[in-house]
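Asker: A structural model of the following input is requested.
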Amino acid sequence: MDESEQVPQLGDALPLVPSDPRWLPIALSDLDAVHADHLHCERKAAQSALSLIRSYPERADLVAAMARLAHDETRHVVQVSQLMSRRGQVAAYDFGDDYAAALRELIRKPEPARLLDRLLVFATIEGRSAERLGLLAEALEDPKSRDLYASLATAEVRHRDIFLSLARDTSPDTWRGRAAELAAREAEILAGRAISARIH
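Answerer: I've put the predicted structure just below:
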């Protein structure tokens, strides 16, 4: 199977529900809040990748993939920071992310289930980020911002599939079922949250 066939099959294993249509106009009405949140989302994505290297140094495939991914996410921090600078916007403190926290609560404790769940939770977060960054890219009027968000959405899809590929290699017999379970739980988490001008 070549890579062009593999990626769609991986993505199909994580059937995330579309965002509520009310999210986009709310996000567009307060882009400063979206950018401030996005900066920290990219930072935390890099930290999550590095945390996997710390936890599973014996997995050479994981270490190599997460090192590259963390590099990507750190570059995204710089890009979002530059976007904010162009807008004359100062970065804000990170006030936490109850969406990501709720997903992390679903991670099972014993290994190897813990590794599988961490990979799938990170894939879920990347998948949701990709969807919403793509929505923004289609709606933004500023060409530079639009191009940036389109490129970031593409990168997040790639990152989602990196996590899914590692999950598949970690647990070939159970990863798809668990991915579907987590996608369903993610839909419940979104349904129970107020819609706000944030990436998640």
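Asker: Tell me where this structure has helices.
Answerer: The residue ranges that make up the helices of the chain, judged by DSSP state H, are 3-12, 23-29, 31-55, 60-86, 98-104, 113-139, 143-170, 175-191.
Asker: On the pLDDT front, check residue 3 for me.
Answerer: Predicted confidence (pLDDT) at residue 3: the value is 41.
Asker: go on, residue 118?
Answerer: On the pLDDT scale, residue 118 gets 98.
Asker: Mind pulling the model confidence for the nearest residue to it once chain neighbours are set aside?
Answerer: Distance criterion Cβ to Cβ, 6 or more residues apart in numbering; nearest residue to residue 118, sequence neighbours excluded, is residue 107 at 5.8 Å. Every residue, glycine included, has its C-beta placed from N, CA and C. pLDDT recorded at residue 107 is 98.
Asker: circling back to that earlier point, for residue 198, find the nearest of the helices of the chain.
Answerer: Residue 198 sits nearest to helix 31-55 of all these, at 4.3 Å, using Cβ to Cβ.
Asker: rewinding a little: doesn't residue 116 make contact with the residue nearest to residue 118?
Answerer: No. Contact between residue 107 and residue 116 fails when scored by Cβ atoms under 8 Å: they sit 9.1 Å apart.
Asker: and these two? which has more neighbours close in?
Answerer: When neighbours are counted by other Cβ atoms under 10 Å, residue 107 and residue 116 differ, and residue 116 comes out ahead with 22 against 16.
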